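# Return atomic coordinates for the entry below.
(chains A and B)
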Protein chains: 2
Amino acid sequence: MSLPSPLAVVPFVSVENMMRLVLAIGVEEVLTALAAYIEEDFRRWDAFDKTPRVASHSLDGVIELMPTSDGRLYGFKYVNGHPKNTRDGKQTVTAFGVLSDVDSGYPILLSEMTILTALRTAATSAVAAKYLAPDNARVMAIIGNGAQSEFQALAFKALLGIDTLRLYDIDPAASRKCARNLAAKGFDITICPSCQEAVEGAGIITTVTADKQNATVLTDNMVGGGVHVNAIGGDCPGKTELHRDILLRSDIFVEFAPQTRIEGEIQQLAADHPVTELWQVMSGHREGRRSASQITLFDSVGFATEDFSALRYVRDQLMQTGLYDELDLLADPDEPRDLYGMLMRAAGPAL
Amino acid sequence: MSLPSPLAVVPFVSVENMMRLVLAIGVEEVLTALAAYIEEDFRRWDAFDKTPRVASHSLDGVIELMPTSDGRLYGFKYVNGHPKNTRDGKQTVTAFGVLSDVDSGYPILLSEMTILTALRTAATSAVAAKYLAPDNARVMAIIGNGAQSEFQALAFKALLGIDTLRLYDIDPAASRKCARNLAAKGFDITICPSCQEAVEGAGIITTVTADKQNATVLTDNMVGGGVHVNAIGGDCPGKTELHRDILLRSDIFVEFAPQTRIEGEIQQLAADHPVTELWQVMSGHREGRRSASQITLFDSVGFATEDFSALRYVRDQLMQTGLYDELDLLADPDEPRDLYGMLMRAAGPAL
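The predicted structure follows:
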């Protein structure tokens, strides 16, 4: 059987190659570059076809497809969320994604996105915080020290100069894991025995817990004036982390309001509660932080454009790094109308 | 870097392996087996989550995601439709698909679906015709002799015993290609100079042209009583093949009415024009063909369950054939909360 034609081949970035790529470029460098791609795409918000994600819910989780397009490129991410997976040694969230050429409809990249989603989520938080966090913030509390926590810490270090971390998790082993992983990164790290203690003195509070239920990780008394709350964990219907009273005292920023009202912290609020979309701030249509005493809240649920930006970034690294495989994903007959003939000729001249 | 764990690996069926699989099993055998899987899934119609396809339209084509689930397995297909692609030597339609385990959300199969879609489309047509075509039909006209035509011919041979083909295409080279590809398959084949002549004496008329526009391939006078029309080519808004008067004289059968009313031949009819869904016939809720003089019409647009059935079939062949690669698609840290640690450890002990 002859080699597939170049038209038939789609570059594939495996988990191994994604790790190699991130290590070759550097985690903080990748986070910084991703933040730039994400911000660039938020600034041209109107160019995007913003379809709500297509979710298939089951008893223990959800499988979602998140498509978007800017008219030149089309991208989608497959992502699952199954909190019980950790019992079997599996990931709560796994993901992969595809980028395609709109003109031909041909895929031009297939990539793992479990690692890439962790990176883009952290990069999005940091790019939002550039506009929302208090200027002098150097201390960040991280409530929930699971798989996303180190990426958040490094993104905030790279983009905002955060140098002090106050960690809290209901499982102290998670905090120790996070502290250990970040030990050589130049942070001043304190593992705190309570959430209350973790938030003390923090200009930025990141909440990133994983339970699929309404929980109150932060109560109203824990959040003082002037703080920026980076709320990552409330990201599906029935799952929130913050007490409603915090939301009512905050100026709330979201990615795409119709989606966040269903999935984010603001599912606790009236459907017409005022919120600002990030792109409005980044493109100068609306103000971000206005005063030193204001509480800003980024109610992050993850949006398809962020995955699109991340896939664009990965694609742009392929030629230089060579860190991809060629996947024989597309049938490419010599004569497009002769798919059957291609199949028969694959048997070789002997048939 | 160590090998990925078994949890991280997804079986991948490339175009090459799909061709090998089909050739190893036999085209007609695969079509027959696919038809059985498709029929089995149509018979348990209520088990499926029937989401409309998610389409991203552009000037020259469309990219679609077609998800469905039966509660145990979840599948989706990515498929594009770009009629102008043939100008650049590319396929009008390319596709790939994924099957996942609903309990964990983990993908369990990634497969090329350009070839597989051609096979499942033909298998669906044939399985519908088992219930709808006149009993004694041995002659089939095929109007449009492109990439789908040979698969239709072989599916109808395998499932209904069609042994005589009457081919017509506006491009005679396409008819010659089709006749050449089927030469050794035991058909009596006639290439006809007009559509009118092709349909003469045919008990089944298959229309499978490719233009993305409203065309009238079949006019009312061409379709006599007792015929079964297998209409494949009208499959997106603005694209139909049959004159409206044929529809008005026919009993119309569809896959999923809400989708077919948008994409199929019946977009020419009132939104409440009576149609029968295939599953109703296959499960005994409604009659298929009732009389020798009745005109039956299968208005086929392709539905997500058919892709789901096809992916199920391919997955069931993997162990026996070994015709797949292992794709390192899922990140699988030793400790699920330690994605960052996995990334760092990938650098090896030297770091």
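# so where is chain A shaky, pLDDT-wise?
Along chain A, segments meeting pLDDT under 70 span A:1-5, A:211-214, A:234-235, A:349-351.
# The most centrally placed residue in it and chain B, how far apart?
If you average the C-alpha coordinates of chain A and look for the closest C-alpha using Cα atoms, centre = their mean, you land on A:T121, 2.5 Å from that point. The spacing between A:T121 and chain B, counted by Cβ to the nearest Cβ, to the nearest Å, is 11 Å. From N, CA and C alone the C-beta is placed, and that goes for glycine too.
# host element of that residue?
helix A:114-132 (DSSP states H and E).
# Give the pairing partners of the helix or strand just after that helix; include direction for each.
Scanning the chain past helix A:114-132 towards its C-terminal end, the next helix or strand to appear is strand A:139-143 (assignment: DSSP H and E). According to DSSP bridges, strand A:139-143 forms sheet pairs with strand A:164-168 (parallel), strand A:204-207 (parallel).
# got these as TSV, with distance to A:G186 and mean neighbour count columns?
What follows is these, written out as TSV (distance: least, Cβ to Cβ, whole Å; neighbours: other Cβ atoms under 10 Å in any protein chain shown):
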stretch	distance to A:G186	mean neighbour count
strand A:164-168	11	24
strand A:204-207	17	27
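# give me every residue that touches A:G225.
By Cβ atoms under 8 Å, 6 or more residues apart in numbering or on different chains, the contact set of A:G225 is A:S293, A:Q294, A:I295.
# Can you pull the residues of the stretch 251-351 of chain A lying near chain B?
Taking Cβ under 8 Å from any Cβ of the partner chain as the criterion, the neighbours of chain B within the stretch 251-351 of chain A are A:327-333, A:335-344, A:346-347.
# Looking at the residues you listed, which are in helices?
Judged by DSSP state H, the subset of these located in helices is A:L339, A:Y340, A:G341, A:M342, A:L343, A:M344.
# Going by proximity to chain B, name the top residue of the stretch 151-300 of chain A.
Ranked by Cβ to the nearest Cβ, the top residue of the stretch 151-300 of chain A for proximity to chain B is A:N181, at 5.2 Å.
# burial of that residue, as a residue count?
A count of nearby residues for A:N181, using other Cβ atoms under 10 Å in any protein chain shown, gives 20.
# Filter the residues of the stretch 251-351 of chain A next to chain B down to the buried ones, PyMOL style.
Of those, the buried ones go into a single PyMOL selection, burial set by 16 or more other Cβ atoms under 10 Å in any protein chain shown:
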select buried, chain A and resi 327+328+329+330+331+332+333+336+337+338+339+340+341+342+343+344+346
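# can you map out the strands along the stretch 1-150 of chain A?
Listed in chain order, the strands of the stretch 1-150 of chain A (DSSP state E, counting those that start in this stretch) span A:9-13, A:49-50, A:54-57, A:62-69, A:73-81, A:95-101, A:107-112, A:139-143.
# okay if I get the ones you listed as JSON lines plus mean neighbour count?
Conversion of the strands of the stretch 1-150 of chain A to JSON lines gives the following (neighbours: other Cβ atoms under 10 Å in any protein chain shown):
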{"stretch": "strand A:9-13", "mean neighbour count": "22"}
{"stretch": "strand A:49-50", "mean neighbour count": "16"}
{"stretch": "strand A:54-57", "mean neighbour count": "18"}
{"stretch": "strand A:62-69", "mean neighbour count": "24"}
{"stretch": "strand A:73-81", "mean neighbour count": "25"}
{"stretch": "strand A:95-101", "mean neighbour count": "23"}
{"stretch": "strand A:107-112", "mean neighbour count": "24"}
{"stretch": "strand A:139-143", "mean neighbour count": "27"}
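# To A:I232, which of these lies closest?
The closest approach between A:I232 and any of the strands of the stretch 1-150 of chain A, judged by Cβ to Cβ, belongs to strand A:139-143 at 9.8 Å.
# Please state the offset of the closest one from the chain centre?
Per Cα atoms, centre = their mean, to the nearest Å, the displacement of strand A:139-143 from the mean C-alpha position of its chain is 18 Å.
# Restricting to C-alpha, output that strand in PDB.
What follows is the C-alpha trace of strand A:139-143 in PDB, where atoms were taken according to Å, rounded to 0.1, in the frame of the first residue of the first chain:
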ATOM      1  CA  VAL A 139      -0.100  37.800  46.700                       C
ATOM      2  CA  MET A 140      -2.500  35.200  45.400                       C
ATOM      3  CA  ALA A 141      -4.600  32.700  47.400                       C
ATOM      4  CA  ILE A 142      -5.400  29.500  45.600                       C
ATOM      5  CA  ILE A 143      -8.400  27.700  47.000                       C
END
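# could you give the angle of that strand to helix A:114-132?
130 degrees (axes from the mean of the first three to the mean of the last three Cα atoms, to 10 degrees).
# Run through who's touching strand A:139-143.
A:149, A:152-153, A:156, A:162, A:164-169, A:178, A:192, A:195, A:198-199, A:201-209, A:217-218, A:241.
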